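Trainee: Please find the sequence and the predicted model below.
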Amino acid sequence: MTLLDFLRDEIGLKGTKKGCDSGQCGACTIIMDGKTINACLVLAIQADGKEILTIEGLSSGGRLHPLQETFVEEGAVQCGFCVPGMILSAKALLDEKKDPSEEEIREALSGNLCRCTGYVKIIKAVQRAAALMRT
Amino acid sequence: MADTFKIVGKSFPRHESIAKVTGQAQYTDDLEIPGMVYGRILRSPYAHATVRQIDKSEAGKVPGVLGILLPQDVPNRPFNCSGNPPSPMLIKDERVLTDHPLYVGDRIAAVAALTKEACAEALERMIVKYQPLPVVLEIEEALREGTPLIHPELFSSNIFKKLESSQGDVERGFAESDYIFEDEFNTPAVQHVAMEPVSCICHYMEDDQLTVWSTSQTPFQERRVLAELLDLPENKVRVVKPIMGGGFGGRQQIHNQHVGAFLSRLVRRPVKIINTREEEMYASVVRHGSVCWLKVGVRKDGRLAAFHAKVYLNAGAYCTHTPIVLGAQSRKFQYRIPHYRYEGYGVYTNGPIGGAMRGYGNPQLTFAREVMMDRIAKKLGIDPLQFRVMNHLGAGETIPCHTFPLRSCAITECVEMGERIRNEIERREASLHKKAKVSEAWGVAFACHTSGPSNNEGMSSSLILVNDDGTVNLLVGSADIGQGCETTLSQIAAQELGIDLKDITVTSGDTFSTPYDTGTFASSQIYVAGNAVCLAAQDLKEKLCVALAACYHTELEMVRHEHDHFMIETGQDKKISLSFKEGVAKVMFGAKGRILAGFSSFKAEESPLPFSVCWAKVAVDKRTRTFSVLHIIQVVDVGTAVNPEVVKGQVEGGISMGLGYALMEQIEMDQRAQKPSSSDLLHYKVPTALDMPEIHVAMARMSYEPTGPFGAKSVGELPVVAVAPAIVNALSIATGEKINFLPLSKVFMPKGRSQIKKESQ
């Protein structure tokens, strides 16, 4: 069983999306021990003892994470299916680099396909979240 | 214009965004219905075959398998899956399950089981004996004398639809022309690649009621087709559209919902069917591949004299949308033309099914036309932009084959705004990329589209229920598929009622609880559904006026709604001013209490055209034929932008889809295996964040469509159309080569803009 099916079907965390089930679209991106992975390419058993962050764990105490906030405010969310994976890829980037260049943001998000936005507002949202998190 | 409104014209964040960024939004595959099981479809591996025998005995023994459907278990009644309103043009030529598959992916059998794994194993254990038959994949081949017929039971040719429309006399026009240009263009079949796969859950209940949760752009059409197939009245069929992860036209039809319904009727449990990405790629639907032949006559002074187009669309194995696509394609000519002739042909092949995709016939013919316009301008020595502007129609004029004149057209403003942006970029980058090895050029293209079906079939309604605290529930049949129309329609309601946006809760796309809507296609939402919402709000205001007049014992004409307030003149020179909420509080309870609701029915009589002008800047390394798109500017005239950021988002997304169409997307056919080889997202590339050029979007401010809600026209499909011809025109200028085809990756090597910068240094 893949980690993606385990998250979705066994423990009922449906926020992580299944777009291709073969590691090509990035919709199931989650963070395992600080690194982004495609949950569809990892077996559930490989996650034993690891720290997993899914989109459900990003906001805390009713407060949105800056990335969630800026994605909403910038209009970076259209259909939203790529958004959980996209936000987690962005989070992993911002955890490593406080002030990434636009090129570094594009690179970090290049494994997450979005068909609605042309990535324009997504990149703006990540830039604004980075700025918010620096202050 | 939009500055005069309080809520329309403002960029409110979309109401469902928080649910989407926290993972709480429920898409179809996220729903769990008690007792739910899984379904899968056995699809033909052959593009053309007959099924000689199916043995399901081994599959039936797989633990967890609950039921298997074969072709003989479902009605053998042909139907048309398209989500258009009923029309005799929509030929009924496909079946729920078939023993004579006509394309790779055709539905042969289906299985329901307790788990996904049991479904997969059962499919593997089905023994099907096929007799492969000759396969026809390309348009030219299908038209050739002696080629096998795809539907001999219906037609004696593989052309199943010829649609002609014309005005004037093209032969006379060509005789009067100083120059004549003629060429043939090819565009590929491409897939929508919505991030959410096609999904449904079908629950056939013991009392013969069917509920379907599905990724549907057209719930009311889906209900009609399912009711017919299952012999149920429409009041026993409920189609619910949960939150949707994109559509782009691909879900304006039934995919697996009929199979799910029959499986559920068999096993008496809710059945969930989710397409794999592989099924999405070859067994769902594509934009028609096309061959477009053009002949254009022009006078020395640059006036267009005659335009003749013959377009062949590769429809694949079934009719589905094709005749309507042809009609829509014929109604997109935005230049002044005394003599116009369009001939469109729907051609059957054994290729993937051509259906609805963003642009609906427009991205094929407009690509050919706009590339041709550049060639003509070059020959005449006129600037390509000026050549288009001087021939462009304006307000008061009518485009060929339409029934109404343009009432709004801000093409000149679009050109001026875009040129300002372009000059700014040129100033900024004057010193950049000036490398001897790389040549750069700008290209331009124009496009127009529609607001609602261009055959004026759009119809919608809305119901506004008033709660006793004066907040309202807005019910619309129109489906939000990710583009944000729930928010923009709420803005229209709030503006008309004079209330805050937060006082509106919207429900959409449920055939049990929302009123009829033809569906989310043809860029209908803002114009067709928006007009319906506006009318329902007006109806509600009128009813509140009547109630207030009764309450204050005064005549109806003494109550008016102005500046978001109800003004009541009672007898003794007294004026009372009430907000909507105060008005509701006044009339809701008490001896003469009444319950308020507004309703509307809107039938579109026109389908106004939004316009776009698109510029592309490319850099080409002629030695290696690598090239990069550096900038795309697109300026649109959509009338009033109800929510400017939502409109911009549509345009930005349209640009990325247009870029993919221009550069790299194509469902490739393996001629030896006679099946599509683009079966996943490694072999079918869509633009990533690294592939995108710098994008610049603007909206004309002086446009106001008098028939639209608060002056609005639609936007959804428009921005995809002009991108490919703008890029091709730029590349032609930079290389001096004639380009007649898409995608460009056939003979060039597209690269992200940062890569070409690095390599050229």
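Mentor: That came in fine, so what should we check first? Because the structure is predicted, anything quoted here is derived from the model rather than measured.

Trainee: Show me how chain B divides into domains.
Mentor: B:2-22+B:458-603, B:31-133+B:195-246+B:251-283, B:376-450+B:607-759 (automatic domain parsing).

Trainee: Show me which residues of stretch A:27-41 are buried.
Mentor: For stretch A:27-41, burial by neighbour count (16 or more other Cβ atoms under 10 Å in any protein chain shown) applies to A:27-32, A:36-40. Every C-beta, even on glycine, is put in place using the N, C-alpha and C of the backbone.

Trainee: what do you get for stretch A:18-25?
Mentor: Buried residues in stretch A:18-25 (16+ other Cβ under 10 Å): A:18-21, A:23-25.

Trainee: which one of those sits closest to B:Ile739?
Mentor: For these, the closest approach to B:Ile739 (Cβ to Cβ) belongs to A:Gln24, at 29.4 Å.

Trainee: Confirm for me that that closest one is in contact with B:Asp680.
Mentor: Yes: between A:Gln24 and B:Asp680 there is a contact at 6.1 Å, judged by Cβ atoms under 8 Å.

Trainee: okay, and the common contacts of these two?
Mentor: Common contacts of A:Gln24 and B:Asp680 (Cβ atoms under 8 Å, 6 or more residues apart in numbering or on different chains): B:Arg277.

Trainee: doesn't B:Ala698 fall inside a strand?
Mentor: Yes: under DSSP: H, G, I helix; E, B strand; the rest coil, B:Ala698 sits within a strand.

Trainee: Could you check the pLDDT of it?
Mentor: As predicted, B:Ala698 sits at a pLDDT of 98.

Trainee: quick one, what contacts it?
Mentor: Contacts of B:Ala698 were listed using Cβ under 8 Å, 6+ apart, and they are B:417-418, B:421, B:633-636.

Trainee: please redo it, this time with the cut-off set to 10 Å
Mentor: By Cβ atoms under 10 Å, 6 or more residues apart in numbering or on different chains, the contact set of B:Ala698 is B:413-414, B:417-418, B:420-421, B:613, B:633-636, B:648, B:651.

Trainee: Quick one, which of the residues you listed are buried?
Mentor: The neighbour-count test (16+ other Cβ under 10 Å) marks B:413-414, B:417-418, B:421, B:613, B:633-636, B:648, B:651 as buried among these.

Trainee: Keep the residues you listed, but drop any that are not near chain A.
Mentor: The residues of the buried ones among the contacts of B:Ala698 that also fall near chain A, by Cβ under 10 Å from any Cβ of the partner chain, are B:648, B:651.

Trainee: Report the two of the buried ones among the contacts of B:Ala698 separated the most.
Mentor: Largest separation among the buried ones among the contacts of B:Ala698 by Cβ to Cβ: B:Glu413 and B:Lys648, giving 16.7 Å.

Trainee: For B:Cys202, which non-adjacent residue is spatially closest?
Mentor: B:Gly260 (3.4 Å; Cβ to Cβ, 6 or more residues apart in numbering or on different chains).

Trainee: Can you get me a residue count around the closest residue to chain B within chain A?
Mentor: Proximity of chain A to chain B (Cβ to the nearest Cβ) peaks at A:Gly15, 2.1 Å away. Number of residues near A:Gly15 (other Cβ atoms under 10 Å in any protein chain shown) recorded here: 23.

Trainee: contacting residues for it?
Mentor: The contact partners of A:Gly15, taken as Cβ under 10 Å, 6+ apart, are A:7-8, A:30, A:54-58, A:83-85, A:88, B:20-25, B:30.

Trainee: how about the nearest residue to it, chain neighbours excluded?
Mentor: Once flanking residues are discounted, A:Gly15 sits nearest to B:Gly23: 2.1 Å by Cβ to Cβ, 6+ apart.

Trainee: separation between the closest residue to chain A within chain B and A:Cys25?
Mentor: Going by Cβ to the nearest Cβ, chain A is nearest to B:Gly23 of chain B, at 2.1 Å. Noted for B:Gly23: a distance of 17 Å to A:Cys25, by Cβ to Cβ, to the nearest Å.

Trainee: picking up where we left off before, near chain B too, which of the buried residues of stretch A:18-25?
Mentor: A:18-21, A:23-25.

Trainee: what would those look like in TSV with secondary structure and pLDDT?
Mentor: Listed next are those as TSV, based on DSSP: H, G, I helix; E, B strand; the rest coil; pLDDT from 0 to 100:
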residue	secondary structure	pLDDT
A:Lys18	coil	98
A:Gly19	coil	98
A:Cys20	coil	97
A:Asp21	coil	97
A:Gly23	coil	97
A:Gln24	coil	97
A:Cys25	coil	98
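
Trainee: before we move on, the earlier item: give me the subset of the buried residues of stretch A:27-41 touching chain B.
Mentor: Applying Cβ under 10 Å from any Cβ to the buried residues of stretch A:27-41, those adjacent to chain B are A:Ala27.

Trainee: Strands along the stretch 401-550 of chain B, start to end?
Mentor: Using DSSP state E, counting those that start in this stretch, the strands found in the stretch 401-550 of chain B span residues B:438-448, B:459-466, B:472-476, B:504-508.

Trainee: With distance to chain A as new columns, can those strands be given to me in TSV?
Mentor: Putting those into TSV (distance: least, Cβ to the nearest Cβ, whole Å) gives the following:
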stretch	distance to chain A
strand B:438-448	17
strand B:459-466	21
strand B:472-476	18
strand B:504-508	14
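
Trainee: Find the residue closest to the residue most central in space within chain A in space, skipping its chain neighbours.
Mentor: For chain A, A:Leu88 is the residue whose C-alpha lies nearest the centre (Cα atoms, centre = their mean; 2.2 Å). Sequence neighbours aside, A:Thr29 is the residue nearest to A:Leu88 in space, at 5.0 Å (criterion: Cβ to Cβ, 6+ apart).

Trainee: quick one, what contacts B:Ala59?
Mentor: With contact set as Cβ under 10 Å, 6+ apart, B:Ala59 has these partners: B:42, B:65, B:68, B:109, B:111, B:113, B:118-119, B:121-127.

Trainee: let's go with 8 Å and repeat that
Mentor: By Cβ under 8 Å, 6+ apart, the neighbours of B:Ala59 are B:65, B:68, B:111, B:122-123, B:125-126.

Trainee: In a strand, it, correct?
Mentor: No: read with three-state DSSP, B:Ala59 is helix and lies in no strand.

Trainee: ok, so what distance separates it from B:Glu121?
Mentor: Distance, B:Ala59 to B:Glu121, by Cβ to Cβ: 8 Å.

Trainee: angle of the helix or strand harbouring B:Arg224 against strand B:504-508?
Mentor: Secondary structure assignment for B:Arg224, by DSSP states H and E: helix B:219-230. Counting by axes from the mean of the first three to the mean of the last three Cα atoms, to 10 degrees, helix B:219-230 lies at 30 degrees to strand B:504-508.

Trainee: Helix B:219-230 packs against which elements?
Mentor: Identification of packing neighbours for helix B:219-230 by 3 or more Cβ pairs under 8 Å, 6 or more residues apart in numbering or on different chains; DSSP states H and E yields strand B:210-214, strand B:237-240, helix B:257-267.

Trainee: So B:Asn235 belongs to a helix, correct?
Mentor: Yes: assessed by three-state DSSP, B:Asn235 belongs to a helix.

Trainee: what comes up buried for stretch B:513-526?
Mentor: For stretch B:513-526, by 16+ other Cβ under 10 Å, it's B:514-526.

Trainee: related to what we said a few turns ago, next, the contact list for the residue nearest to the centre of chain A, please.
Mentor: By Cβ under 8 Å, 6+ apart, A:Leu88 lies in contact with A:29-31, A:36, A:53-55, A:58.

Trainee: Give me the next element, helix or strand, following the helix or strand encompassing it.
Mentor: Here A:Leu88 sits within helix A:83-96, counting by DSSP H and E. For helix A:83-96, the succeeding helix or strand toward the C-terminus, using DSSP H and E, is helix A:102-109.

Trainee: just checking, B:Thr688 touches A:Leu113?
Mentor: Yes: contact criterion Cβ under 8 Å: B:Thr688 and A:Leu113 qualify, at 6.6 Å.

Trainee: what sits against the residue of chain B closest to chain A?
Mentor: A:13-16, A:54-56, A:84.

Trainee: Repeat that for B:Asn391.
Mentor: B:Asn391 is in contact with B:302-304, B:335-337, counting by Cβ under 8 Å, 6+ apart.
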